[in-house]
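Participant: need a 3D model of the following:
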Amino acid sequence: MRHEVVVTGIGAITPLGADPESTWTGLKAGRSGVRPIDRFDASGFATRFAGQIDAIPDLPGPWELARQRWGAANMLDRKTHLALIAARQAWEQAGGVHGGAGALDVEPHRIALALGSEGGRRLLGTMAERSIAQRGMPLRELLASMPPGEWARLRASHPARVLASELDIRGPTRTVCTACTSSGGAIAEALYLVRAGVVDVALAGGTDTLVEAFMVSGFSLLGALSENNEEPAAASRPFDLTRDGFVLGEGAGMLVLESESHARARGATILGRLRGAGLSNNAFRVTDSPPDGSGPAVAMSAALEDAGLEPEDVGYVNAHGTSTQMNDVSETRGIRRALGAHADRIAVSSNKSMMGHLVAACGAVEAIATLLSLRDSVLAPTLNLSTPDPECDLDYVPQVARPVDGIGVALSNAFGFGGSNATLVLDTP
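Facilitator: Numbering: from 1, shown residues only. Here you go, the predicted structure:
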């Protein structure tokens, strides 16, 4: 039996706000969360700005005790803290309580967890920073100097381990590490588990923070980052002819997915439907999307097929839209390949123009923004799009949000460094 899957809880913390509604308010207003880096001295870097979270709020009640407990064991890094915040919001909105399901009314083994996260690059960064601080200490000594708790928290699976422990989630647990598609892929994994009846409820999303010296330096060396230090808020310019690279960001986004029958039986408020997902790989260069958009097109077409829909059903695409030369052209061509002539009749926009690129978290946060766009019948704008690139020839909702008379079905895209692609299909309850 194929179960229909709905969303009953959402949570997010981003450069635009400490929860989904404040983030959505910022997106609708066309407000940028990109500003000069103040977490470390970036004065010697080619790029000196990012999408930063100003202050991480305290967690209430037992959630704050959880933060203190993991912190005391040296096992709470920034991205796990962000994941806790977003998970709390989504879990409580769906009716869950700390340490259990609460009003979700489901056995722990019938709950799944799928989280997009990255760990390897953080370990490399930590090693590099320690080596510099210790003036070239040999690797063996560096590794031996790390406390056990620090070893644990540098693993990609660590945030999922914390969330599962705190929420008593005992069903299937997945950590997806596919760079920018990590949380989009995690949500797809959760969709498949709920749809197949393996579980009744799933917590799915992603968390990441790249506003660190090692990350900024690495992406700068790749030539991937914008260097518009004079106007940071104008640096992320998806689909604009003058774009010169993407902007690093940080954040977390989480969704609670349920089978529709389970949600309705317990009287839950349904926020939207997750109709389908499509995954693909470009099998192309590590750093670029294929010029013809073929990989992204496969993901979008597969998502529509999975949802049992046609291109003509789509009213909006929340684009991956990174503000890099090749990605924006590839995505445009991919949308045209997947939707055909209908591509000229839909709107497309990029949340990254305001938040920067949240990497492992972007698919989840942008899926949440898509749900809120469907709810309010408002399309978030593509900020800083003032000089359209002739090769990017779709309707990108430039500069200002657009109220519409209903959207219908929306696609939310995430395309990853290394070639992975994920597309989610969402619509209203």
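Participant: what about the strands in the stretch 1-150 of the chain?
Facilitator: In chain order, the stretch 1-150 of the chain shows strands spanning 5-13, 34-36, 49-51, 111-116, with DSSP state E, counting those that start in this stretch as the criterion.
Participant: again with the stretch 201-350 of the chain
Facilitator: 201-209, 250-259, 272-281, 314-318, 347-349.
Participant: just to revisit the earlier point, ok, which of the strands of the stretch 1-150 of the chain comes nearest residue 327?
Facilitator: Each of the strands of the stretch 1-150 of the chain was scored for nearness to residue 327 using Cβ to Cβ, and the closest is strand 49-51 (17.0 Å). C-betas here are computed from N, CA, C, even on glycine.
Participant: give me the contacts around the closest one.
Facilitator: Around strand 49-51, the neighbours that count as contacts under Cβ atoms under 8 Å, 6 or more residues apart in numbering are 14-15, 33-37, 42, 210-211, 216, 228-229, 232, 235, 247-251, 355-358.
Participant: and if you look at stretch 387-403?
Facilitator: Contacts made with stretch 387-403 from outside it, assessed by Cβ under 8 Å, 6+ apart, are listed as 27-30, 238-243, 319, 328-329, 332, 335-336, 343-344, 346-350, 377-386.
Participant: before we move on, what about stretch 39-48?
Facilitator: Residues outside stretch 39-48 that contact it (Cβ under 8 Å, 6+ apart) are 36-37, 49, 52, 211-213, 216-217, 219-220, 225-227, 229, 245, 248.
Participant: for the closest residue to residue 89 other than its chain neighbours, give me the pLDDT.
Facilitator: Beyond its immediate neighbours in the sequence, the residue positioned closest to residue 89 (Cβ to Cβ, 6 or more residues apart in numbering) is residue 11, lying 2.9 Å away. In this prediction, residue 11 carries a pLDDT score of 98.
Participant: dig out what residue 11 forms beta bridges with.
Facilitator: Partner residues in beta bridges with residue 11: residue 254, with DSSP bridges as the criterion.
Participant: also residue 411?
Facilitator: For residue 411, the beta-bridge assignment (DSSP bridges) gives partners residue 317, residue 425.
Participant: check contacts around it.
Facilitator: Here residue 411 is in contact with 300, 303-304, 314, 316-318, 423-426 (Cβ under 8 Å, 6+ apart).
Participant: roughly how far apart are it and residue 296?
Facilitator: Here the criterion is Cβ to Cβ, to the nearest Å. By it, residue 411 lies 11 Å from residue 296.
Participant: rewinding a little: kindly reformat the contacts of residue 411 as JSON lines containing distance to residue 256.
Facilitator: Output for the contacts of residue 411, formatted as JSON lines (distance: Cβ to Cβ, whole Å):
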{"residue": "300", "distance to residue 256": "25"}
{"residue": "303", "distance to residue 256": "21"}
{"residue": "304", "distance to residue 256": "24"}
{"residue": "314", "distance to residue 256": "25"}
{"residue": "316", "distance to residue 256": "23"}
{"residue": "317", "distance to residue 256": "24"}
{"residue": "318", "distance to residue 256": "20"}
{"residue": "423", "distance to residue 256": "21"}
{"residue": "424", "distance to residue 256": "15"}
{"residue": "425", "distance to residue 256": "18"}
{"residue": "426", "distance to residue 256": "14"}
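Participant: which one of these is nearest to residue 168?
Facilitator: The shortest approach to residue 168 among the contacts of residue 411 belongs to residue 424, at 27.1 Å (Cβ to Cβ).
Participant: which ones are touching the closest one?
Facilitator: 184, 187-188, 274, 276-277, 303, 363, 367, 370, 411-412.
Participant: one more: residue 109?
Facilitator: 170-171.
Participant: repeat for residue 276
Facilitator: Taking Cβ under 8 Å, 6+ apart as the test, what residue 276 contacts is 191, 303-309, 424-425.
Participant: now residue 264
Facilitator: The contact partners of residue 264, taken as Cβ under 8 Å, 6+ apart, are residue 270.
Participant: where's it relative to residue 190, distance?
Facilitator: As judged by Cβ to Cβ, residue 264 and residue 190 stand 19 Å apart.
Participant: what's the answer for residue 176, then?
Facilitator: With distances taken as Cβ to Cβ, residue 176 is found 10 Å from residue 190.
Participant: residue 266 too?
Facilitator: Between residue 266 and residue 190 the distance, using Cβ to Cβ, works out to 18 Å.
Participant: cool, and residue 86?
Facilitator: Taken as Cβ to Cβ, the spacing of residue 86 relative to residue 190 amounts to 15 Å.
Participant: and the longest helix along the chain, what does it pack onto?
Facilitator: Secondary structure assigned by DSSP state H gives helix 78-94 as the longest helix of the chain. Contact partners of helix 78-94 among helices and strands, from 3 or more Cβ pairs under 8 Å, 6 or more residues apart in numbering; DSSP states H and E: strand 5-13, helix 61-72, helix 158-167, strand 201-209, strand 250-259.
Participant: by how many degrees do that helix and strand 111-116 diverge?
Facilitator: For helix 78-94 against strand 111-116, the angle by axes from the mean of the first three to the mean of the last three Cα atoms, to 10 degrees is 140 degrees.
Participant: would you confirm that residue 326 contacts residue 296?
Facilitator: No. With contact taken as Cβ atoms under 8 Å, residue 326 and residue 296 are classed as non-touching, separated by 11.6 Å.
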